[in-house]
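J.: quick one, structure for this:
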Amino acid sequence: MRWFVNKMLFGGKNGQLPYWVASMCRYLTPMRADAEHVEALLREAASRDDYEYMLARAAFYCQLDVPCTLPTEAHTIGEYRYGKPLRAAQRFYPDESLAKTYFFDSNEILRHFPHHLRWIHLFGDVTRAMDVPTVVKTRPIACDRRNSVVLNLDKNRHFTFLHDTIPFREKKDMLICRCSINGQPQRKRLFREFFHMPWCDLGEVADVHDDNLPEWRKPKISLYKHLENKYVACFEGNDVASNLKWVMSSKSAAVMCRPTCESWFMESLLVPGYHYIEVAPDLSDLEEKIAYYNAHVEEAEAIVAHANDYVSQFLNPRREFLIGVMTMMRYFTMTGQSVECRV
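T.: Model prediction:
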(Lines give C-alpha, C1' and ligand atoms only; values in the text may rest on other atoms or scores of the structure.)
Protein backbone atom coordinates (compact mmCIF):
# COMPACT_ATOMS: atom_id res chain seq x y z
CA MET A 1 0.00 0.00 0.00
CA ARG A 2 2.82 2.42 0.87
CA TRP A 3 4.50 1.73 -2.48
CA PHE A 4 1.22 2.43 -4.29
CA VAL A 5 0.60 5.72 -2.44
CA ASN A 6 4.17 6.94 -3.03
CA LYS A 7 3.93 6.01 -6.71
CA MET A 8 0.60 7.79 -7.22
CA LEU A 9 1.28 10.90 -5.13
CA PHE A 10 5.05 11.38 -5.05
CA GLY A 11 6.40 9.73 -8.21
CA GLY A 12 7.89 6.88 -6.19
CA LYS A 13 9.66 9.03 -3.60
CA ASN A 14 8.78 8.97 0.08
CA GLY A 15 6.26 11.67 0.87
CA GLN A 16 7.53 14.72 2.76
CA LEU A 17 4.26 15.60 4.52
CA PRO A 18 3.74 12.14 6.09
CA TYR A 19 7.36 12.20 7.24
CA TRP A 20 7.09 15.62 8.90
CA VAL A 21 3.79 14.81 10.58
CA ALA A 22 5.03 11.48 11.94
CA SER A 23 8.35 12.98 13.07
CA MET A 24 6.78 15.92 14.89
CA CYS A 25 4.17 13.70 16.57
CA ARG A 26 6.92 11.38 17.75
CA TYR A 27 8.97 14.30 19.05
CA LEU A 28 6.03 15.78 20.96
CA THR A 29 5.05 12.44 22.53
CA PRO A 30 6.52 12.08 26.04
CA MET A 31 9.09 9.32 26.31
CA ARG A 32 10.37 7.46 29.34
CA ALA A 33 14.12 7.75 28.76
CA ASP A 34 16.03 5.76 31.38
CA ALA A 35 18.20 2.68 31.80
CA GLU A 36 15.23 0.35 32.29
CA HIS A 37 13.64 1.47 29.05
CA VAL A 38 16.89 0.93 27.10
CA GLU A 39 17.28 -2.45 28.77
CA ALA A 40 13.79 -3.47 27.61
CA LEU A 41 14.65 -2.54 24.01
CA LEU A 42 17.90 -4.51 24.14
CA ARG A 43 16.08 -7.50 25.64
CA GLU A 44 13.66 -7.34 22.73
CA ALA A 45 16.60 -7.38 20.32
CA ALA A 46 18.31 -10.25 22.17
CA SER A 47 15.14 -12.35 21.99
CA ARG A 48 15.05 -12.28 18.20
CA ASP A 49 16.24 -15.14 16.05
CA ASP A 50 18.37 -12.72 14.01
CA TYR A 51 20.13 -11.20 17.03
CA GLU A 52 23.63 -12.22 15.90
CA TYR A 53 23.01 -10.55 12.56
CA MET A 54 21.85 -7.41 14.37
CA LEU A 55 24.96 -7.41 16.55
CA ALA A 56 27.11 -7.60 13.44
CA ARG A 57 25.25 -4.67 11.88
CA ALA A 58 25.67 -2.55 15.03
CA ALA A 59 29.39 -3.41 15.15
CA PHE A 60 29.71 -2.40 11.50
CA TYR A 61 28.17 1.01 12.12
CA CYS A 62 30.08 1.63 15.35
CA GLN A 63 33.60 0.29 14.85
CA LEU A 64 35.03 1.72 18.08
CA ASP A 65 37.15 -1.13 19.40
CA VAL A 66 38.90 0.41 22.41
CA PRO A 67 37.44 2.54 25.23
CA CYS A 68 37.88 6.27 24.74
CA THR A 69 36.72 9.58 26.22
CA LEU A 70 34.72 12.27 24.47
CA PRO A 71 36.12 15.83 24.40
CA THR A 72 34.57 18.55 26.51
CA GLU A 73 32.53 19.99 23.62
CA ALA A 74 30.35 16.88 23.51
CA HIS A 75 26.78 17.78 24.42
CA THR A 76 24.17 15.78 26.29
CA ILE A 77 21.05 14.24 24.82
CA GLY A 78 19.03 16.50 27.11
CA GLU A 79 20.52 19.56 25.38
CA TYR A 80 19.54 18.19 21.96
CA ARG A 81 16.18 19.85 21.37
CA TYR A 82 14.21 20.90 18.32
CA GLY A 83 15.39 24.32 17.19
CA LYS A 84 18.49 24.44 19.36
CA PRO A 85 20.68 21.96 17.44
CA LEU A 86 19.66 23.38 14.09
CA ARG A 87 21.57 26.63 14.58
CA ALA A 88 24.78 24.74 15.25
CA ALA A 89 24.10 22.49 12.31
CA GLN A 90 23.97 25.30 9.79
CA ARG A 91 27.74 25.54 9.49
CA PHE A 92 27.68 21.93 8.34
CA TYR A 93 24.42 21.94 6.43
CA PRO A 94 23.09 25.34 5.30
CA ASP A 95 19.72 23.90 4.15
CA GLU A 96 17.61 24.16 7.31
CA SER A 97 14.98 21.68 6.08
CA LEU A 98 17.68 19.02 5.72
CA ALA A 99 19.10 19.89 9.12
CA LYS A 100 15.66 19.20 10.56
CA THR A 101 15.55 15.73 8.99
CA TYR A 102 18.88 14.94 10.63
CA PHE A 103 17.47 16.07 13.94
CA PHE A 104 14.29 14.00 13.71
CA ASP A 105 16.09 10.88 12.47
CA SER A 106 18.69 10.95 15.24
CA ASN A 107 16.11 11.92 17.86
CA GLU A 108 14.07 8.82 16.95
CA ILE A 109 16.90 6.77 18.49
CA LEU A 110 18.34 9.12 21.11
CA ARG A 111 15.02 9.92 22.80
CA HIS A 112 15.05 6.44 24.36
CA PHE A 113 18.35 6.99 26.21
CA PRO A 114 18.94 8.81 29.52
CA HIS A 115 19.40 12.53 28.96
CA HIS A 116 22.75 12.79 30.73
CA LEU A 117 24.58 10.78 28.05
CA ARG A 118 26.96 12.81 25.87
CA TRP A 119 27.64 12.55 22.16
CA ILE A 120 29.06 14.39 19.15
CA HIS A 121 27.40 14.57 15.74
CA LEU A 122 28.24 16.06 12.36
CA PHE A 123 25.36 16.83 10.00
CA GLY A 124 25.67 16.74 6.23
CA ASP A 125 27.60 14.85 3.59
CA VAL A 126 30.69 13.67 5.45
CA THR A 127 33.60 12.44 3.32
CA ARG A 128 36.46 12.68 5.81
CA ALA A 129 37.51 10.60 8.78
CA MET A 130 36.58 11.88 12.23
CA ASP A 131 39.21 12.62 14.90
CA VAL A 132 36.84 11.86 17.79
CA PRO A 133 33.83 9.48 18.03
CA THR A 134 31.20 11.27 15.95
CA VAL A 135 27.76 10.25 14.72
CA VAL A 136 27.50 10.82 10.97
CA LYS A 137 25.32 9.87 8.00
CA THR A 138 28.24 8.88 5.77
CA ARG A 139 31.92 8.09 6.05
CA PRO A 140 34.75 7.41 3.58
CA ILE A 141 35.57 3.76 3.00
CA ALA A 142 39.32 3.84 2.36
CA CYS A 143 40.44 5.20 5.72
CA ASP A 144 40.31 4.57 9.46
CA ARG A 145 36.55 4.52 10.10
CA ARG A 146 36.55 3.82 13.82
CA ASN A 147 35.56 7.32 14.92
CA SER A 148 32.85 7.66 12.27
CA VAL A 149 29.71 6.11 13.76
CA VAL A 150 26.91 5.75 11.22
CA LEU A 151 23.21 6.26 11.92
CA ASN A 152 20.38 6.18 9.41
CA LEU A 153 20.08 9.95 8.86
CA ASP A 154 18.15 11.81 6.14
CA LYS A 155 16.53 8.43 5.56
CA ASN A 156 13.27 9.73 4.08
CA ARG A 157 15.29 10.91 1.09
CA HIS A 158 17.87 8.15 0.90
CA PHE A 159 15.92 5.04 1.89
CA THR A 160 13.33 4.88 -0.84
CA PHE A 161 12.34 1.45 -2.17
CA LEU A 162 10.18 0.71 -5.21
CA HIS A 163 7.83 -2.03 -6.33
CA ASP A 164 8.92 -2.71 -9.90
CA THR A 165 6.61 -4.86 -12.04
CA ILE A 166 8.57 -4.75 -15.31
CA PRO A 167 10.84 -7.79 -15.86
CA PHE A 168 14.42 -6.88 -16.76
CA ARG A 169 14.29 -8.37 -20.27
CA GLU A 170 11.17 -6.37 -21.11
CA LYS A 171 12.84 -3.03 -20.40
CA LYS A 172 14.56 -0.82 -22.98
CA ASP A 173 18.25 -1.51 -23.69
CA MET A 174 19.10 1.93 -22.32
CA LEU A 175 21.14 3.55 -19.59
CA ILE A 176 19.21 6.36 -17.94
CA CYS A 177 20.44 9.12 -15.68
CA ARG A 178 18.63 12.13 -14.27
CA CYS A 179 20.85 13.98 -11.84
CA SER A 180 22.41 17.22 -10.74
CA ILE A 181 25.94 17.26 -12.12
CA ASN A 182 27.01 19.87 -9.56
CA GLY A 183 30.69 19.65 -10.48
CA GLN A 184 30.92 15.90 -9.86
CA PRO A 185 33.66 14.64 -12.22
CA GLN A 186 32.18 11.23 -13.05
CA ARG A 187 28.75 12.67 -13.75
CA LYS A 188 30.25 15.38 -15.96
CA ARG A 189 32.35 12.82 -17.83
CA LEU A 190 29.23 10.71 -18.38
CA PHE A 191 27.43 13.63 -20.00
CA ARG A 192 30.39 14.88 -22.01
CA GLU A 193 31.24 11.51 -23.54
CA PHE A 194 27.92 9.72 -23.77
CA PHE A 195 25.11 12.29 -23.98
CA HIS A 196 24.48 11.68 -27.70
CA MET A 197 24.88 7.92 -27.58
CA PRO A 198 21.71 6.15 -28.80
CA TRP A 199 21.78 3.78 -25.81
CA CYS A 200 21.82 6.64 -23.28
CA ASP A 201 19.04 8.83 -21.91
CA LEU A 202 20.84 11.47 -19.88
CA GLY A 203 19.52 14.68 -18.39
CA GLU A 204 20.64 17.27 -15.85
CA VAL A 205 17.70 18.23 -13.66
CA ALA A 206 19.37 21.12 -11.80
CA ASP A 207 20.01 24.55 -13.26
CA VAL A 208 22.82 24.46 -15.80
CA HIS A 209 25.93 26.17 -14.46
CA ASP A 210 29.68 26.38 -15.03
CA ASP A 211 30.51 24.91 -18.43
CA ASN A 212 27.64 22.43 -18.55
CA LEU A 213 25.84 22.49 -21.88
CA PRO A 214 22.27 23.85 -22.02
CA GLU A 215 21.20 20.84 -24.10
CA TRP A 216 21.89 18.61 -21.10
CA ARG A 217 19.00 20.20 -19.21
CA LYS A 218 15.91 18.00 -19.03
CA PRO A 219 12.85 17.99 -16.73
CA LYS A 220 12.61 15.62 -13.82
CA ILE A 221 10.80 12.33 -14.28
CA SER A 222 9.30 9.96 -11.74
CA LEU A 223 11.39 7.20 -10.24
CA TYR A 224 9.13 4.66 -11.89
CA LYS A 225 9.75 6.24 -15.30
CA HIS A 226 13.43 5.37 -14.83
CA LEU A 227 12.47 1.73 -14.49
CA GLU A 228 11.39 1.45 -18.11
CA ASN A 229 15.13 1.10 -18.80
CA LYS A 230 17.42 -1.83 -18.04
CA TYR A 231 20.23 0.26 -16.56
CA VAL A 232 20.25 3.21 -14.15
CA ALA A 233 23.42 5.22 -13.51
CA CYS A 234 24.24 5.48 -9.80
CA PHE A 235 27.25 7.79 -9.54
CA GLU A 236 28.23 9.32 -6.22
CA GLY A 237 27.41 12.95 -5.53
CA ASN A 238 28.72 14.79 -2.48
CA ASP A 239 28.99 11.44 -0.69
CA VAL A 240 27.00 8.32 -1.60
CA ALA A 241 24.76 7.81 -4.63
CA SER A 242 21.34 8.69 -3.20
CA ASN A 243 19.45 6.72 -5.86
CA LEU A 244 21.29 3.44 -5.28
CA LYS A 245 18.77 2.07 -2.78
CA TRP A 246 15.69 2.41 -4.96
CA VAL A 247 17.56 1.19 -8.04
CA MET A 248 18.73 -1.95 -6.22
CA SER A 249 15.16 -2.57 -5.04
CA SER A 250 13.93 -2.57 -8.65
CA LYS A 251 14.28 -4.92 -11.61
CA SER A 252 16.72 -2.57 -13.32
CA ALA A 253 20.48 -2.90 -12.81
CA ALA A 254 22.59 -0.28 -11.04
CA VAL A 255 25.60 0.88 -13.07
CA MET A 256 28.26 2.54 -10.94
CA CYS A 257 31.91 2.88 -10.05
CA ARG A 258 33.15 1.21 -6.90
CA PRO A 259 31.85 3.33 -3.98
CA THR A 260 34.19 5.56 -1.99
CA CYS A 261 31.71 6.40 0.80
CA GLU A 262 29.24 4.35 2.81
CA SER A 263 26.09 4.98 4.80
CA TRP A 264 23.52 2.90 6.70
CA PHE A 265 23.20 0.98 3.40
CA MET A 266 26.73 -0.45 3.97
CA GLU A 267 27.93 0.31 0.43
CA SER A 268 31.40 -1.12 1.18
CA LEU A 269 29.83 -4.60 1.39
CA LEU A 270 28.45 -4.47 -2.16
CA VAL A 271 30.22 -6.85 -4.53
CA PRO A 272 30.90 -5.58 -8.08
CA GLY A 273 29.51 -7.82 -10.78
CA TYR A 274 27.25 -9.45 -8.20
CA HIS A 275 25.15 -6.62 -6.72
CA TYR A 276 25.79 -4.00 -9.42
CA ILE A 277 27.49 -3.48 -12.78
CA GLU A 278 30.86 -1.92 -12.09
CA VAL A 279 32.47 0.51 -14.51
CA ALA A 280 35.94 2.07 -14.36
CA PRO A 281 36.33 5.46 -12.65
CA ASP A 282 37.06 7.07 -16.03
CA LEU A 283 34.02 5.30 -17.56
CA SER A 284 36.26 3.92 -20.33
CA ASP A 285 34.47 0.55 -20.26
CA LEU A 286 30.90 1.83 -19.89
CA GLU A 287 29.79 1.14 -23.46
CA GLU A 288 31.46 -2.28 -23.38
CA LYS A 289 29.67 -3.22 -20.13
CA ILE A 290 26.25 -2.17 -21.44
CA ALA A 291 26.79 -4.14 -24.63
CA TYR A 292 27.96 -7.17 -22.66
CA TYR A 293 24.92 -7.34 -20.40
CA ASN A 294 22.56 -6.69 -23.31
CA ALA A 295 24.03 -9.84 -24.85
CA HIS A 296 24.08 -11.79 -21.55
CA VAL A 297 20.65 -11.04 -20.11
CA GLU A 298 20.74 -13.96 -17.65
CA GLU A 299 23.84 -12.53 -15.95
CA ALA A 300 22.20 -9.11 -15.66
CA GLU A 301 19.07 -10.70 -14.21
CA ALA A 302 21.22 -12.48 -11.63
CA ILE A 303 22.74 -9.14 -10.59
CA VAL A 304 19.25 -7.68 -10.20
CA ALA A 305 18.16 -10.66 -8.07
CA HIS A 306 21.24 -10.34 -5.84
CA ALA A 307 20.58 -6.61 -5.46
CA ASN A 308 16.99 -7.28 -4.43
CA ASP A 309 18.18 -9.82 -1.84
CA TYR A 310 20.64 -7.26 -0.44
CA VAL A 311 17.92 -4.61 -0.13
CA SER A 312 15.59 -7.02 1.68
CA GLN A 313 17.63 -6.75 4.89
CA PHE A 314 16.59 -3.10 5.28
CA LEU A 315 12.84 -3.60 4.90
CA ASN A 316 11.94 -4.42 8.52
CA PRO A 317 11.38 -1.03 10.25
CA ARG A 318 11.38 -2.47 13.78
CA ARG A 319 14.64 -4.30 13.25
CA GLU A 320 16.25 -1.21 11.72
CA PHE A 321 15.16 0.81 14.76
CA LEU A 322 16.56 -1.74 17.20
CA ILE A 323 19.87 -1.85 15.33
CA GLY A 324 20.01 1.93 15.69
CA VAL A 325 19.50 1.58 19.45
CA MET A 326 22.20 -1.11 19.60
CA THR A 327 24.58 1.10 17.61
CA MET A 328 24.18 4.02 20.00
CA MET A 329 24.42 1.70 23.01
CA ARG A 330 27.78 0.55 21.66
CA TYR A 331 28.79 4.20 21.14
CA PHE A 332 27.96 5.17 24.72
CA THR A 333 29.62 2.08 26.16
CA MET A 334 32.84 2.52 24.20
CA THR A 335 33.03 6.19 25.22
CA GLY A 336 32.98 5.18 28.88
CA GLN A 337 29.40 6.16 29.66
CA SER A 338 27.18 3.97 31.80
CA VAL A 339 23.53 3.48 30.89
CA GLU A 340 23.16 1.14 33.87
CA CYS A 341 21.98 -1.63 31.62
CA ARG A 342 22.70 -5.32 32.32
CA VAL A 343 22.12 -6.62 28.76
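
J.: C-alpha from now on. contacts and neighbour counts both.
T.: Will do.

J.: give me every residue that touches the nearest residue to Leu286 once chain neighbours are set aside.
T.: Distance criterion C-alpha to C-alpha, 6 or more residues apart in numbering; nearest residue to Leu286, sequence neighbours excluded, is Val279 at 5.8 Å. If you count contacts by C-alpha atoms under 8 Å, 6 or more residues apart in numbering, Val279 has them with 255-258, 285-286, 289.

J.: do Val205 as well
T.: 178-180, 217-220.

J.: dump these into a markdown table; add pLDDT, neighbour count and distance to Thr127 as well.
T.: Below are these laid out as a markdown table (pLDDT from 0 to 100; neighbours: other C-alpha atoms under 10 Å; distance: C-alpha to C-alpha, whole Å):
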| residue | pLDDT | neighbour count | distance to Thr127 |
| --- | --- | --- | --- |
| Arg178 | 95 | 23 | 23 |
| Cys179 | 90 | 20 | 20 |
| Ser180 | 88 | 17 | 19 |
| Arg217 | 89 | 18 | 28 |
| Lys218 | 92 | 16 | 29 |
| Pro219 | 91 | 9 | 29 |
| Lys220 | 91 | 13 | 27 |
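
J.: can you pull out the strands in the stretch 1-150 of the chain?
T.: Remark: strands assigned in the stretch 1-150 of the chain by DSSP state E, counting those that start in this stretch are 75-76, 118-119, 134-136, 139-140, 148-150.

J.: quick one on the thing from earlier: closest to Cys143 out of the contacts of Val279?
T.: Lowest distance from Cys143 to the contacts of Val279 (C-alpha to C-alpha) belongs to Arg258, with 15.1 Å.

J.: correct me, but the closest one touches Pro272?
T.: Yes - between Arg258 and Pro272 there is a contact at 7.2 Å, judged by C-alpha atoms under 8 Å.

J.: what about Met197, neighbour count?
T.: By the criterion of other C-alpha atoms under 10 Å, Met197 has 13 neighbours.

J.: phi and psi next, for it.
T.: phi -70, psi 140 (degrees, to the nearest 10).

J.: in contact with it, which residues are there?
T.: The contact partners of Met197, taken as C-alpha under 8 Å, 6+ apart, number zero.

J.: circling back: so which of Arg258 and Pro272 has more stuff around it?
T.: Using other C-alpha under 10 Å as the criterion, Arg258 and Pro272 rank with Arg258 on top: 19 against 16.

J.: for that one, which non-adjacent residue is closest in space?
T.: Glu278 (6.5 Å).

J.: Cys179 and Asn243: what is the separation?
T.: 10 Å (C-alpha to C-alpha, to the nearest Å).

J.: having no further points to raise, I will conclude here.
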